[in-house]
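**Q** Based on what follows, work out the 3D shape:
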Amino acid sequence: MAVCGLLAGTVTAVGLGACGTRLPASTFTGQPNPGGGQGTAFVDGVSGNTVKVGMIDSITSPVGADAFSGPGFGAQAYFDALNAAGGVNGRKIAVSQCDDSGSGLGNMQCVHKLIDSNQVFAFAGNSVFDYSGASYVNDKGVPDIGGEPIDQAYDQYKHLYSIYGSGYPRNGTVGWDGTLYSSTEIYAYFKQKLGAHIAAVVEYNQPDSIRYGQTQAAGLRAEGYTVVTEQLDFALPNYAAAVADMKAHGVQVVFDAIDTAGNGSLCTALDQAGVNLVAKVTTSQSWDRTVPATYANAPKCRNVLYATSSELNYADTQYPTVAAFRAAMEKYFPSRADKMSMWELDGWASAQWLTDAIRSCGANVTRSCVESFMNRPTPYDGHGLLIPTSFKVVRPGPTSDACLNVARWQDSADGGHGRWVTQVPNMDANCFTVPVLASKG
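**A** Numbering: from 1, shown residues only. Model (predicted):
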């Protein structure tokens, strides 16, 4: 929670100012729906007083219960706070969550259950390990707003909207005619700010991990790095062998395409081998409060642990949107305090995005109206939470002006929990003109 005085007058998720002053709940509610009534008949998941929202998260996945559960908690916290404040235009949000167990079959079962049986209006807070049901979601015209793009589904289907936005046509073919594009601002940052020029990329022998690892390696090379690639067996990873190879090559900075637990084991091996890094850069999925436990045996690696994202740091409660998120999580999911993560904040942003789209429809909430909001050319910033993004279809050029947020883990000086400390004064101004790279989807 915010310190009294720093955030006085801001709006939190439960309609209270940071110091307890009663404030309007305008962060969450629009004007009352003049024709909403108390009807119970649903059309495409919408009645006079309710909107049904589905949520698919791979909670019991092969990589553990915490790997993909975060967005669901964040989205549910937003909807709980929204409903407590009166809903959106007089309608409450009814959430149905399904755990697909991280399997393609389980995902298909969840998709059919939520669309065919529960008749949900839209999805929010999705974090899916294997989105086998994506084509069915798309065929049924059910908007999936703000999902985590683990595989290529969000680069392929027009009714799926990644939390990061997209410039692809999403016409059934991945990317632009099977070609994906990425920019290199992350690698430019660590080259320019920390002087790194020899990098390692660590990936699993799993298709999505390999694809992301290859993208990172290509981006690093485009920025002039010497790159060492280390591939770990997903079932029996040999961290020691990978680290020995990194040490032999004089690696200065390590990037990865692996999960949080894997990062902890990798860092332990790096410390044991005496590898001195200027940065260990992890994904936003591992930007969380479990760092002291995950990296308990790797103090050197923990001291140079960085993460990047396209949104505000969940620890920066001086921003009203982040303060609202933290207040709602504390109220509705207090047991998550030691597992707070950027992916939970992603889930919050996803739910907020869908809600803003619903709000734009007024009394007449339809899927086509929601998607008109999503596809508008005006970039969306999530009330200051996100670096502005959109789904305007634009074929990429040879370069891009791209921005990012960066945080570094800092242990507490008094032996306390520690926190992620933002490294840039303004993420919207921390921008680089960088090359755009093509890869096959």
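
**Q** C-alpha only now, for contacts and for neighbours.
**A** OK.

**Q** What strands flank the longest strand seen in the chain, and is each parallel or antiparallel?
**A** In the chain, taking DSSP state E as the definition, the longest strand is strand 431-440. Paired with strand 431-440 in the same sheet, following DSSP bridges, are strand 179-183 (antiparallel), strand 399-403 (antiparallel).

**Q** Tell me which of those is the most buried.
**A** Of those, the one with the most neighbours on average (mean count of other Cα atoms under 10 Å) is strand 179-183, at a mean of 19.

**Q** Could I get the full set of helices for the stretch 251-400 of the chain?
**A** Taking DSSP state H, counting those that start in this stretch as the criterion, the stretch 251-400 of the chain contains helices spanning 260-272, 291-294, 299-302, 320-332, 342-359, 367-374.

**Q** which stretches of the stretch 51-200 of the chain form strands?
**A** Secondary structure of the stretch 51-200 of the chain (DSSP state E, counting those that start in this stretch): strands at 92-99, 122-124, 144-147, 160-162, 179-183, 198-204.

**Q** Give me the buried positions along stretch 387-400.
**A** By neighbour count on 16 or more other Cα atoms under 10 Å, the buried set for stretch 387-400 is 387-392, 396, 400.

**Q** For the stretch 1-150 of the chain, just list every one of the helices.
**A** Secondary structure of the stretch 1-150 of the chain by DSSP H, counting those that start in this stretch: the helices cover 70-84, 104-112, 134-139.

**Q** Now do the last one, average pLDDT.
**A** So the one you mean is helix 134-139. Averaging pLDDT along helix 134-139 yields 98.

**Q** Likewise for the longest one?
**A** Model confidence over helix 70-84, given as mean pLDDT, is 98.

**Q** ok, and what's touching that helix?
**A** Residues outside helix 70-84 that contact it (Cα atoms under 8 Å, 6 or more residues apart in numbering): 13-14, 28-29, 55-57, 88, 92-93, 95, 97, 124-127, 325, 328-329, 332-333, 341, 343-352.

**Q** Okay, domains of this protein per the record?
**A** 50-164+314-374, 182-309+398-440 (automatic domain parsing).

**Q** Deepest in the core, which of these is it.
**A** domain 50-164+314-374 comes out most buried of those by mean count of other Cα under 10 Å, with a mean of 22.

**Q** what's the offset of that one from the middle of its chain?
**A** In terms of Cα atoms, centre = their mean, to the nearest Å, the centre of domain 50-164+314-374 is found 11 Å from the chain centre.

**Q** one step back: what is the nearest of the buried residues of stretch 387-400 to K247?
**A** K247 lies nearest to S400 out of these, by Cα to Cα, at 33.4 Å.

**Q** Show the model's pLDDT score for the closest one.
**A** The model reports S400 with a pLDDT of 96.

**Q** From P143, how far off is A357?
**A** Computed with Cα to Cα, to the nearest Å, the distance linking A357 and P143 is 11 Å.

**Q** Overlap in contacts, these two.
**A** E371.

**Q** so T229 touches A217, yeah?
**A** Yes - between T229 and A217 there is a contact at 7.4 Å, judged by Cα atoms under 8 Å.

**Q** returning to what we had before: including distance to V254, could the helices of the stretch 1-150 of the chain go into JSON lines?
**A** Putting the helices of the stretch 1-150 of the chain into JSON lines (distance: least, Cα to Cα, whole Å) gives the following:
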{"stretch": "helix 70-84", "distance to V254": "24"}
{"stretch": "helix 104-112", "distance to V254": "31"}
{"stretch": "helix 134-139", "distance to V254": "33"}
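
**Q** of all those, which lies closest to N426?
**A** helix 70-84 (23.8 Å).

**Q** ok and the closest one relative to helix 342-359, angle-wise?
**A** Between helix 70-84 and helix 342-359, the angle formed by their directions is 40 degrees, by axes from the mean of the first three to the mean of the last three Cα atoms, to 10 degrees.

**Q** and the angle for helix 70-84 with strand 92-99?
**A** Relative orientation of helix 70-84 versus strand 92-99 (the same axes, to 10 degrees): 160 degrees.

**Q** How about A257: what's its closest non-neighbour residue?
**A** In this structure, A257 finds its nearest non-sequential neighbour in E203, 4.8 Å apart by Cα to Cα, 6 or more residues apart in numbering.

**Q** for the one you found, what are its contacts?
**A** 209-210, 213, 229-232, 256-258.

**Q** List just the nearest of these to V436.
**A** Once Cα to Cα is applied, the member of the contacts of E203 that ends up nearest V436 is G213, at 16.4 Å.

**Q** tell me the contacts of D271?
**A** With contacts defined as Cα under 8 Å, 6+ apart, D271 is in contact with 298-301.

**Q** One more pass at 6 Å, please.
**A** A298 (Cα atoms under 6 Å, 6 or more residues apart in numbering).

**Q** So for it, what pLDDT did the model give?
**A** D271 is assigned a predicted lDDT (pLDDT) of 98.
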